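In: Build me a structure from this.
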Amino acid sequence: MPLAQVTEDAMEKYRVVLTADERAGLERLVSVGKGAARRLNHARVLLLADAVQGGGYSDEEIVAELGVGICTVGRVRKRFVTEGFMAALDHRPQPPRPDKIKIKGNVDQKLVQVACSDPPEGRCHWTLQLLADELVVLGLVEAISLETVRKALKKTTSSRGS
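Out: Next comes the predicted model:
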């Protein structure tokens, strides 16, 4: 199916119809020009897509006018129709990803405990690589990157010098 066909279907399916108050609020927001760039772009998309005011622009016309992506226009239309005015205007934050956090709770405590202990024989101090290897040897994690170890140590308030 050609892209033009897909966007026309989306345009008909997610038809933006603004109330007078919503339109006035968007025009005020855009005219002031202060705010997050994403929010201002979404406001401009909604103003151009409004079916009441001049029949509304097609997605391609909005892309050409504003220089935003075609997916952005479609996403703003869809969020306006399905979730409402404020949802279409505001940015949806990324959900937290707890599966990406490798060091938490007792593993974090053990890392600090190991880092504060005496280094292995033949070494004058712990390196990130040594700490990562030690966590694997202790069976606390299956595998861990040096950057994860560095970030975990940076979050702590302990200092090697004190």
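In: Residue 52 and residue 88: what is the separation?
Out: Distance of residue 52 to residue 88, computed by CB to CB, to the nearest Å: 16 Å. Heads up, the C-betas are built off the backbone N, CA and C, glycines and all.
In: Where does the prediction get shaky in the protein?
Out: 1-12, 53-54, 98-101, 157-162 (pLDDT under 70).
In: Domain parsing of it, as residue ranges.
Out: Following automatic domain parsing, one gets these domains for the chain: 3-89, 98-155.
In: most neighbours per residue, which of those domains?
Out: domain 3-89 (a mean of 16; mean count of other CB atoms under 10 Å).
In: Secondary structure element holding residue 65?
Out: helix 59-66 (DSSP states H and E).
In: tell me, what residue is most central in this protein?
Out: Closest residue to the average C-alpha location of the chain: residue 94 at 4.1 Å, with CA atoms, centre = their mean.
In: Kindly indicate whether residue 125 is helix, strand or coil.
Out: Under DSSP: H, G, I helix; E, B strand; the rest coil, residue 125 falls in the coil class.
In: Give the next helix or strand downstream of the helix holding residue 65.
Out: helix 70-83.
In: which other helices and strands contact the next helix or strand after that following helix?
Out: Counting by DSSP H and E, the next helix or strand C-terminal to helix 70-83 is helix 85-89. When contacts are defined as 3 or more CB pairs under 8 Å, 6 or more residues apart in numbering; DSSP states H and E, helix 85-89 packs onto helix 37-49, helix 70-83.
In: Between helix 70-83 and the helix holding residue 65, find me the angle.
Out: With axes from the mean of the first three to the mean of the last three CA atoms, to 10 degrees as the basis, helix 59-66 and helix 70-83 are set at 110 degrees to each other.
In: Show me what helix 59-66 is packed up against.
Out: helix 3-13, helix 37-49, helix 70-83.
In: In CSV: the ones you listed, plus distance to residue 147.
Out: Shown next, in CSV, are these (distance: least, CB to CB, whole Å):
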stretch, distance to residue 147
helix 3-13, 39
helix 37-49, 28
helix 70-83, 31
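In: Ok, which of the ones you listed comes nearest residue 117?
Out: helix 37-49 (47.3 Å; CB to CB).
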